[in-house]
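# after the sequence you'll find the predicted model.
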Amino acid sequence: MTDNTPTKQLAQRFPSNFVVGAATASWQVEGDSQGRGSSIWDDFAAVPGNIADGTKADPACDHVNRLEEDLDNLAWLGVDAYRFSVSWPRVMPGGKGKSEKGLEFYERLVDGLRQRNIKPVLTLYHWDLPSELEAIGGWNNKDIHNYFAEYTDLVASRLGDRVEMWATLNEPWVSAYLGYTTKIHAPGHGDAAKGFEAAYRLMTAHASGLEVLRSHGLKNLGTVLNLTTAIADEPEVEHVADYVDLLQNRFWLDLLAGRPLEQKLFDNTKDITDWSFLDQDQLKKIAAPIDWLGINYYTPFRVIAASVQSKQAVGQDFSLFPGTPAGAAMNPLEPRTEMGWEIHAPSMTATLKQTASRLPGVPLYVTENGGAFDDKLVDGEVHDKGRVDYYLNHISAALDAMDQGVDLRGYFAWSLMDNIEWAEGLAKRFGIFYVDHVTQVRTPKDSAKLIKELTSLRN
């Protein structure tokens, strides 16, 4: 599978306390929708055409019923930590009250991890908002942070004594811009003004969730952003790449750092929204210190002049960046993953260094990194050389940033297993375990064997 020498050399670059983990998200893996309330993703998936292959939440990876097997797979990998998300409607159907059955599932998950000496890393929100909360405005409701606080209080009350690392949100950029600005993700509004408000409201929820977690005496609290580099291939589009960088990266980091939002943001969006929903007291709360920041990195955004023939990537266009100046196009270069995303490991290093400079003093984790490839199960084996190379190069690039002074504490592979890739359905495989979506049999790919090698060869 791999030449053991470079794998060992890579493994021995890990500091002794460096966390190696794998990650999943609730709606993508759990199944058992009868055991929880409805979410915006259930509503979205029920509309023909929203999910590429018509996939719905059941059975996904049937994780709820195959929990012990999946925990054993994590133990086999030798990972230090498992990053998972709690399904808000599983523990609080309809956004109110509580489900004892749902809470007990996460207790079994957390206890099973701890029994295997695997650190639970809990994400409170990975996109599955209860349908009933969307019905009253969702992430455009000015009181949504209060609903999130109640949910956070429930989870913290039940799991706070056993979970050592907490994230409030996963990728609010995706929730806001794919779900509200465009119709790519749930709830699919296609309204740029709603997208900007959702971006802000998500961060107010982060602030309220953080307050609740701290009130429980919990520590090691952070949030997770999908950050990347915006590359201008010609000088004449540098201003476009800069605006992409503003919406993708600086907006979130400025909020967390307590810096004023940039005037360029207001200038470029004045015909879309007046930003009257901003509240100075809330902005101060959003800037409360966090203990760590998670970065989900997959691919850079490469910008060229519109006059040049471009290679459009799936889900990468300027509709995701309302207010972008005209005259440019996205141009992901080869090699590319099955998602159409450019594979460019040096951008991982650049992203980590850039983030460390923009949010100084905050330890960083790579909380997701991986790629979709055309995996084939042949004679009980999956030789996913593209993904193996991707991991080797990107883990090395992450460690390069650490060697250059970035306070990087860990790396999580996305994903533990093939799952529902949101609007792409089951066709795009990101897992290190191959999942037969008919039989639910899990098979470790060569990439899983690589992670196992890396964890076993560490100093």
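Ah, there it is. Residues are numbered from 1 along each chain as shown.

# next secondary structure element downstream of the helix of greatest length in the chain?
When secondary structure is assigned using DSSP state H, the longest helix within the chain turns out to be helix 192-215. Next in sequence after helix 192-215, counting helices and strands by DSSP states H and E, comes strand 221-226.

# for that following strand, list the C-alpha coordinates in CSV.
Written as CSV, here are the backbone C-alpha positions of strand 221-226 (Å, rounded to 0.1, in the frame of the first residue of the first chain):
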residue,chain,number,x,y,z
LEU,A,221,-14.1,25.1,23.7
GLY,A,222,-13.9,26.2,20.1
THR,A,223,-15.7,26.4,16.8
VAL,A,224,-15.0,25.1,13.2
LEU,A,225,-14.6,27.1,10.1
ASN,A,226,-14.0,26.0,6.5
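
# and the angle from that strand to helix 192-215?
For the pair strand 221-226 and helix 192-215, the angle between their directions (axes from the mean of the first three to the mean of the last three C-alpha atoms, to 10 degrees) equals 160 degrees.

# rounded mean pLDDT for strand 221-226, please.
On average, the pLDDT along strand 221-226 is 99.

# so where do the helices sit in the stretch 201-350 of the chain?
238-245, 251-257, 263-268, 280-286, 346-358 (DSSP state H, counting those that start in this stretch).

# related to what we said a few turns ago, and the longest helix of the chain, how far from the chain's centre?
Relative to its parent chain, helix 192-215 has a centroid offset of 16 Å by C-alpha atoms, centre = their mean, to the nearest Å.

# which helices and strands does that helix pack with?
Applying 3 or more C-beta pairs under 8 Å, 6 or more residues apart in numbering; DSSP states H and E, we find helix 192-215 packed against helix 144-159, strand 165-170, helix 172-173, strand 221-226, helix 251-257, helix 280-286. Yep, even glycine has a C-beta here, placed from its N, CA and C like the rest.

# if we go to 6 Å?
Secondary structure elements in contact with helix 192-215, counted by 3 or more C-beta pairs under 6 Å, 6 or more residues apart in numbering; DSSP states H and E, are helix 144-159, strand 165-170, strand 221-226, helix 280-286.

# would you mind giving those as CSV with mean neighbour count added?
CSV is the format used below for the helices and strands packed on helix 192-215 (neighbours: other C-beta atoms under 10 Å):
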stretch, mean neighbour count
helix 144-159, 21
strand 165-170, 25
strand 221-226, 24
helix 280-286, 14
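
# separation between the residue nearest to S38 when sequence neighbours are not counted and G138?
Distances taken as C-beta to C-beta, 6 or more residues apart in numbering place S131 nearest to S38, at 4.2 Å, with adjacent residues excluded. Here the criterion is C-beta to C-beta, to the nearest Å. By it, S131 lies 9 Å from G138.

# which outside residues touch stretch 378-390?
Surrounding stretch 378-390, the residues in contact under the criterion C-beta atoms under 6 Å, 6 or more residues apart in numbering are G371, F373, D375, Y434, K445, D446, S447, L450.

# give the closest residue to the last one in space, chain neighbours not counted.
It stands for L450. Closest residue to L450 in three dimensions, ignoring its sequence neighbours and counting by C-beta to C-beta, 6+ apart: V388, at 5.3 Å.

# make sure the one you found is indeed in a strand.
No. V388: not assigned to a strand; according to DSSP: H, G, I helix; E, B strand; the rest coil it is helix.

# quick one: it and L454, what's the gap?
11 Å.

# between these two, which one's more packed in?
Higher neighbour count among V388 and L454: L454, with 25 against 22, using other C-beta atoms under 10 Å.

# please, which helix or strand holds the more buried one?
helix 446-456.

# what do you get for E68?
When secondary structure is defined by DSSP H and E, E68 falls within helix 67-77.

# not counting its neighbours along the chain, what's nearest Q404?
Counting by C-beta to C-beta, 6+ apart, the nearest residue to Q404 once its immediate chain neighbours are dropped is K353, at 6.4 Å.

# and T299, by the same measure?
In space, and not counting its chain neighbours, T299 is closest to W341: 3.7 Å by C-beta to C-beta, 6+ apart.

# then N170?
H126 (4.2 Å).

# wait, that neighbour sits on A25?
Yes. The pair formed by H126 and A25 meets the contact definition of C-beta atoms under 6 Å, at 4.1 Å.

# who touches both of those two?
Between them, H126 and A25 have S85 as joint contacts when contacts are counted by C-beta under 6 Å, 6+ apart.

# ok so, going back, could you dump the helices and strands packed on helix 192-215 into JSON lines and include distance to H189?
Shown next, in JSON lines, are those (distance: least, C-beta to C-beta, whole Å):
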{"stretch": "helix 144-159", "distance to H189": "15"}
{"stretch": "strand 165-170", "distance to H189": "19"}
{"stretch": "strand 221-226", "distance to H189": "20"}
{"stretch": "helix 280-286", "distance to H189": "22"}
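
# of all those, which lies closest to K194?
When those are compared by C-beta to C-beta, helix 144-159 sits nearest K194, at 12.7 Å.

# bridge partners for the spatially closest residue to L416 that is not a sequence neighbour, pull those for me.
The shortest distance from L416 to any residue other than its chain neighbours is 4.3 Å, reached at A22 (C-beta to C-beta, 6+ apart). In this structure, A22 bridges to Y82, A413 when assessed by DSSP bridges.

# burial check on A22, number of neighbours?
A22: 28 neighbours (other C-beta under 10 Å).

# same question, P289
Residue crowding around P289 was assessed by other C-beta under 10 Å; the count is 12.

# same question, D446
So D446, with other C-beta under 10 Å, has 17 neighbours.

# change the start of the numbering to 618 and stick with it
Sure, I'll start counting at 618 from here, so that last one is D1063.

# pLDDT score assigned to it?
D1063 is given a pLDDT of 98.

# cool, Q926 as well?
69.

# where does the stretch 618-767 of the chain have low pLDDT?
618-620 (pLDDT under 70).

# show me where it has strands.
636-640, 698-702, 736-742 (DSSP state E, counting those that start in this stretch).

# the second one to strand 736-742, inter-axis angle?
Following the same axes, to 10 degrees, one obtains 20 degrees for the angle between strand 698-702 and strand 736-742.

# what angle separates the helix holding L1071 from helix 684-694?
Going by the same axes, to 10 degrees, helix 1063-1073 makes 60 degrees with helix 684-694.

# neighbouring contacts of helix 1063-1073?
Residues outside helix 1063-1073 that contact it (C-beta under 6 Å, 6+ apart) are 618-619, 624, 628, 637, 694-695, 1000-1001, 1004-1005, 1008, 1030, 1049-1050.

# output stretch 996-1011 as PDB - backbone C-alpha positions only.
What follows is the C-alpha trace of stretch 996-1011 in PDB, where atoms were taken according to Å, rounded to 0.1, in the frame of the first residue of the first chain:
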ATOM      1  CA  ASP A 996     -11.800  -8.800  -4.100                       C
ATOM      2  CA  GLY A 997     -12.400  -7.300  -0.700                       C
ATOM      3  CA  GLU A 998      -9.900  -4.500  -1.200                       C
ATOM      4  CA  VAL A 999     -10.100  -0.800  -2.000                       C
ATOM      5  CA  HIS A1000      -6.800   0.500  -3.400                       C
ATOM      6  CA  ASP A1001      -7.500   4.300  -3.200                       C
ATOM      7  CA  LYS A1002      -4.100   5.500  -4.100                       C
ATOM      8  CA  GLY A1003      -5.400   9.000  -4.900                       C
ATOM      9  CA  ARG A1004      -6.600   9.400  -1.400                       C
ATOM     10  CA  VAL A1005      -3.500   7.900   0.100                       C
ATOM     11  CA  ASP A1006      -1.400  10.400  -1.800                       C
ATOM     12  CA  TYR A1007      -3.800  13.200  -0.800                       C
ATOM     13  CA  TYR A1008      -3.400  12.400   2.900                       C
ATOM     14  CA  LEU A1009       0.400  12.000   2.800                       C
ATOM     15  CA  ASN A1010       0.800  15.300   1.000                       C
ATOM     16  CA  HIS A1011      -1.800  17.200   3.100                       C
END
